[in-house]
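Novice: This is a predicted model, with the sequence first.
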Amino acid sequence: MNIQEKLNELEKILIQTNINFEKNVSLKKKTWLKHGGETNFWVQPNCKNQLKTILDFLHSKKMTFEIIGNSSNCYFTENYNPIITITTTKVTDFDIDQNTIRCGCGYNVIKLSKYCIQNGIAGYEGFIGLPGTVGGAAINNSGCYGSIISEVVKSVEFLKKDGTVVTLSNEQLEYEHRSSVIKKHKNGVILSVEFDASKKGNVKLMEEKAEKNKSHRKKHQESTYLNLGSIHSELKWGKRRWDLRYLVFQVFAKIANKIFSNNGRKISNYFLCLLYFKPSIYKNISDKNFNCFVWKSSNITDNDFFSYVNFCKKNTKKAELEIEIKNNQKC
């Protein structure tokens, strides 16, 4: 069976099972960054059973596909045209039973955070501004403002490529900083996530903490231009223990922040680019955070983005990507 025959069969199954889909869709109209090529099938299941139906078929036919949530940490290159793209944003099954919350993989993390705060469930206050889905957060071990997914996930329902569904406990997920065993091996898809709801807290205090987190995020994280948040989970400057250029930058940054206050970060970012002989990348760096690449216009190209990524990799002793790059090498 050739690829077109498989696609015809896929379309029949989608229609028969009432799964929403669109054909020949521009990723610029669908992805967080409004970036990417075109996908033959944009598929949007409404529950985890529909998601499993699609995945079972695709695996049985050995068809490649992309699966995303909000795509808020995904960079689709300009010439990447995945044949099938599945979005989980409608897989939002939700249930709470005593001390356990069960969410479909596409449930929004911010929505989960708000629910927990309102109901006095502690440990979720830091997620109040995290734009992703619980499935993506569970894979990446996302965290911010003191809340870390690995500390609240009890288990995940995991569909393996051979069609079997297994439950992976927190220990089996082998969590590390911004990583998990699923992220490392990419051998299946999370269908749902179980969260711990046993820790209780004062609602008023948690609301106050969440508001402080939102205020800090607004002040220190980019909100004016399109962006993917932190590009690197770790960005450690200085190739050597005593990197003279970076020591000079640290001194300059302290002085700039003291003298220029709100503009100190912007000025010190430009100075850092000058020190490393790459002033051209400055125009695409957030004024609030060097680790945030911004899309100020539609004229920014893949070359601009990868120039920034390579600059960070070349001039740091550790620059681990936090985002996922979607390109032809990964289809």
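Specialist: That came through, no problem. If you're wondering where the values come from, they're calculated on a predicted model, not measured in any experiment. Numbering: from 1, shown residues only.

Novice: Which secondary structure elements does the helix or strand where residue 184 lies sit against?
Specialist: Assigned by DSSP states H and E, residue 184 belongs to helix 181-185. On a contact count with 3 or more Cβ pairs under 8 Å, 6 or more residues apart in numbering; DSSP states H and E, helix 181-185 meets helix 134-140. (C-beta placed from N, C-alpha, C; glycine too.)

Novice: Pull the distance from the helix or strand just after the helix it packs on to the chain's centre.
Specialist: Sequence-wise, the next helix or strand downstream of helix 134-140 (DSSP H and E) is strand 143-144. Put simply, strand 143-144 sits 12 Å off its chain's centre (Cα atoms, centre = their mean, to the nearest Å).

Novice: packing partners for strand 143-144?
Specialist: Partner elements for strand 143-144 (3+ Cβ pairs under 8 Å, 6+ apart): none found.

Novice: Could you rerun that using 10 Å?
Specialist: Under the contact definition 3 or more Cβ pairs under 10 Å, 6 or more residues apart in numbering; DSSP states H and E, strand 143-144 sits against helix 203-220.

Novice: Quick check: which helices or strands does the helix it packs on pack against?
Specialist: Using 3+ Cβ pairs under 10 Å, 6+ apart: helix 203-220 touches helix 109-118, strand 143-144, strand 147-148.

Novice: could you check the angle helix 203-220 makes with the first one?
Specialist: Looking back up the chat, that one is helix 109-118. 150 degrees (axes from the mean of the first three to the mean of the last three Cα atoms, to 10 degrees).

Novice: Surely residue 282 touches residue 275?
Specialist: No: applying Cβ atoms under 10 Å as the test, residue 282 and residue 275 come out as separate, 11.5 Å apart.

Novice: quick one on the thing from earlier: mind listing what the very next helix or strand once past the helix holding residue 184 pairs with, with the direction of each?
Specialist: Using DSSP H and E, the helix or strand that follows helix 181-185 towards the C-terminus is strand 188-196. Strand 188-196 has its sheet partners listed here by DSSP bridges as strand 100-104 (antiparallel), strand 153-160 (antiparallel).

Novice: Point out the most buried one among those.
Specialist: Ranked by mean neighbour count under mean count of other Cβ atoms under 10 Å, those are led by strand 100-104, which reaches a mean of 22.

Novice: Dump the strands paired with strand 188-196 to TSV, plus mean pLDDT and distance to residue 200.
Specialist: Below are those laid out as TSV (pLDDT from 0 to 100; distance: least, Cβ to Cβ, whole Å):
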stretch	mean pLDDT	distance to residue 200
strand 100-104	97	13
strand 153-160	97	16
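
Novice: can I get those in a markdown table with distance to residue 300?
Specialist: Shown next, in a markdown table, are these (distance: least, Cβ to Cβ, whole Å):
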| stretch | distance to residue 300 |
| --- | --- |
| strand 100-104 | 34 |
| strand 153-160 | 35 |
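
Novice: mind saving the C-alpha coords of stretch 112-127 as CSV?
Specialist: Provided in CSV are the C-alpha atoms of stretch 112-127 (Å, rounded to 0.1, in the frame of the first residue of the first chain):
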residue,chain,number,x,y,z
LEU,A,112,-5.1,23.0,36.1
SER,A,113,-3.2,25.5,38.2
LYS,A,114,-6.3,27.8,38.6
TYR,A,115,-8.5,24.8,39.6
CYS,A,116,-6.0,23.6,42.2
ILE,A,117,-5.6,27.1,43.7
GLN,A,118,-9.3,27.7,43.9
ASN,A,119,-9.8,24.3,45.6
GLY,A,120,-7.0,24.6,48.1
ILE,A,121,-4.7,22.0,46.4
ALA,A,122,-1.1,23.1,47.0
GLY,A,123,2.0,22.7,44.7
TYR,A,124,0.5,24.2,41.5
GLU,A,125,0.8,27.9,42.1
GLY,A,126,3.9,28.3,40.0
PHE,A,127,2.2,26.9,36.9
